[in-house]
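Student: kindly generate the corresponding structure for this input.
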Amino acid sequence: MLSPFSRILPLMSRLALAFMLVATNLGHAANKETLNYQQARKALSHAEPQRRIQGMQQLLKLGTAKNASEVYPLLGDAEPAVRQVALATVWQLWGKSGNAAIDKLYQEGLDRMQDGDMPKAIQVFNAIIAKRPAFAEAWNKRATIYYRSGEYDLSMQDCEEVIKRLPQHFGALVGYAQMLAERNQPERALELMERASKVNPYLANAELMMAALRIQIENKRKSMI
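Tutor: Below you'll find the model as predicted:
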């Protein structure tokens, strides 16, 4: 029987791709003025939604993973279009290490994942982690591969490494929470989900998952009486 959480990770992957497409499409509607790095950062707090979108687009071109934290507040923006672009921007920034050689290797890993060559993808992300262990998204991608391959203990270990380096990584937090819940550890799972929701208030299926975790915690408590 499938757990209440079994489809959440695949759904998140599809949503991430969809939001990247939304960000690309919305880019055509944004002002074509080119912003420099500081102007892009400043535009994130602009009163006009299209200006905030433009700021994110330019920051994506000029920034790296460290800039994702500047976009987090826009995940709770009043404008749905801004939230969608913010979600896509955060995911893409997380994948930018700031080192051209590492980023090229990272893209190779993504390509191998897309091709379905998981053993080769694992080798690529192993190499990235060995060379640049601080790059959290390499750990996250390897965790994703392990999850898809049924290597749940290894996936959980990598999720732990992700959130050590990037505590706000709501993708890793949700994935880790799902696996903990399936191993009858709902208390820690709920803690991680609450952390994820604090960063991304519009996280897909978060309320549903947290409600299921609270029920699981209550049932666990009753069974111990």
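Student: name the residues of the helix or strand containing residue 38 that are buried.
Tutor: For residue 38, the host element (DSSP states H and E) is helix 37-43. Judged by neighbour count (16 or more other Cβ atoms under 10 Å), helix 37-43 contains these buried residues: 40-41, 43. Bear in mind the C-beta positions are built from the backbone N, C-alpha and C, glycine included.
Student: all helices of the protein, in order?
Tutor: 8-27, 37-43, 49-62, 68-71, 80-94, 100-115, 118-131, 136-148, 152-165, 170-182, 186-199, 206-223 (DSSP state H).
Student: using TSV, lay out the ones you listed together with mean pLDDT.
Tutor: Formatted as TSV, these follow (pLDDT from 0 to 100):
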stretch	mean pLDDT
helix 8-27	47
helix 37-43	97
helix 49-62	97
helix 68-71	98
helix 80-94	97
helix 100-115	97
helix 118-131	98
helix 136-148	98
helix 152-165	98
helix 170-182	97
helix 186-199	98
helix 206-223	94
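Student: how much space separates the spatially most central residue of the chain from residue 76?
Tutor: Computing the C-alpha centroid of the chain and ranking residues by Cα atoms, centre = their mean puts residue 171 first, at 3.6 Å. For residue 171, the distance to residue 76 equals 17 Å [Cβ to Cβ, to the nearest Å].
Student: give me the domain ranges for the protein.
Tutor: Annotated domains of the chain cover 8-94, 100-223 [automatic domain parsing].
Student: run a quick neighbour tally on the closest residue to residue 77 other than its chain neighbours.
Tutor: In space, and not counting its chain neighbours, residue 77 is closest to residue 83: 5.0 Å by Cβ to Cβ, 6 or more residues apart in numbering. Residue 83 has 19 neighbours, counted by other Cβ atoms under 10 Å.
Student: so residue 83 is in contact with residue 73, correct?
Tutor: No. With contact defined as Cβ atoms under 8 Å, residue 83 does not count as touching residue 73 (10.6 Å).
Student: mutual contacts of the two, please.
Tutor: When Cβ atoms under 8 Å, 6 or more residues apart in numbering defines a contact, no residue borders residue 83 and residue 73 alike.
Student: related to what we said a few turns ago, which residues sit in contact with the residue nearest to residue 77?
Tutor: Contact analysis of residue 83 by Cβ under 8 Å, 6+ apart lists 74-77, 202.
Student: just the buried residues of those residues.
Tutor: The neighbour count (16+ other Cβ under 10 Å) marks 74-75, 77 as buried among the contacts of residue 83.
Student: identify the residues contacting residue 156.
Tutor: 143, 176, 179-180.
Student: now do 7 Å
Tutor: By Cβ atoms under 7 Å, 6 or more residues apart in numbering, residue 156 lies in contact with 176, 179.
Student: what's the spacing between the spatially closest residue to residue 138 that is not a sequence neighbour and residue 43?
Tutor: What sits nearest to residue 138 in space, not counting adjacent residues and going by Cβ to Cβ, 6+ apart, is residue 128, at 4.1 Å. Relative to residue 43, residue 128 is positioned 31 Å away (Cβ to Cβ).
Student: nearest to residue 219, of the buried ones among the contacts of residue 83?
Tutor: Minimum distance to residue 219 across the buried ones among the contacts of residue 83 is 31.8 Å, recorded for residue 75 (Cβ to Cβ).
Student: got a pLDDT number for that closest one?
Tutor: Listed pLDDT for residue 75 reads 98.
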